[in-house]
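Asker: Structure for the following, please:
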Amino acid sequence: MKLSLIVTIPVLLLVAGRADAVEGNAARGQRVFNACVACHALEPSKNMTGPSLADLWGRHAGTLPGFDRYSSALRSSGVVWDDATLDAWIAGPETLIPDNAMTFRGIKDAQARADLLAFLKEATRPGGAQRFAQQPRGMMGAAQVPNLKKLDDEDRVQSIRYCRDSYKVTTADGKVHDYWERNLRFKTDSSSDGPAKGAPAIVGSGMMGDRASVIFATPEEISGFINHAC
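Answerer: Numbers count the residues shown, from 1 in each chain. Predicted coordinates:
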């Protein structure tokens, strides 16, 4: 009896969390998915930084054959992907499965999650990837660009040190992040959503945390911000 309670309570919590779930829109969800395409493919057997999402519903987490980069936490979680578990995962991977290797922070907006799930439910079925790929490119839309003037300390670059083939990026929260030189890109954004001068932003672009872009307000800032030292 005790074991039964232990197994069912997390499921009940997930179901309760979706009791007032909003209806998803697959077309909008396809645009949300633009933020995922750098790491996840919809086609079967096409693994990238993350595993293929084909036939995702009903799969046990961490079990896709041919993908070898799952964290031990994910492999041993016992989670089966369905509407409730995927909604919880997209909302906050670390909350659903602590100590997993997914660096994606999650989508807090319930409507955006519902839209993404509606799209994925269609696109991950057999033949789904081909159907969506045949749609006009204009329907894909563009991923929402964050306002880089409103940054948390973990997203604001304090200093950059270059040593041999590596960059060490220190953020305002005091943490140091190491990147192979080919995995760190330097960009500029002079728009109203771009970073404030002297406060470049770091934006992750790889689900495994191995790639990122540092975005500056102007090109002139780039070289002055990098300190060559080992």
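
Asker: care to break this structure down by domain?
Answerer: The chain breaks down by automatic domain parsing into domains covering 2-140, 153-228.

Asker: In a markdown table, list the ones you listed along with mean pLDDT, mean neighbour count and distance to Asn147.
Answerer: Every residue, glycine included, has its C-beta placed from N, CA and C. Shown next, in a markdown table, are the domains of the chain (pLDDT from 0 to 100; neighbours: other Cβ atoms under 10 Å; distance: least, Cβ to Cβ, whole Å):
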| stretch | mean pLDDT | mean neighbour count | distance to Asn147 |
| --- | --- | --- | --- |
| domain 2-140 | 82 | 15 | 15 |
| domain 153-228 | 91 | 15 | 5 |
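
Asker: Which phi and psi values does Ser76 adopt?
Answerer: phi -100, psi 10 (degrees, to the nearest 10).

Asker: What distance do you get for it to Gly204?
Answerer: Noted for Ser76: a distance of 25 Å to Gly204, by Cβ to Cβ, to the nearest Å.

Asker: how about the nearest residue to Lys121, chain neighbours excluded?
Answerer: Excluding the flanking residues, the one nearest Lys121 by Cβ to Cβ, 6 or more residues apart in numbering is Trp57, at 6.8 Å.

Asker: before we move on, what about His228?
Answerer: Tyr162 (5.2 Å).

Asker: what about the one residue sitting closest to the centre of the chain, which helix or strand?
Answerer: In the chain, the residue lying closest to the centroid (Cα atoms, centre = their mean) is Phe104, at 3.5 Å. Phe104 belongs to no helix or strand when assigned by DSSP states H and E.
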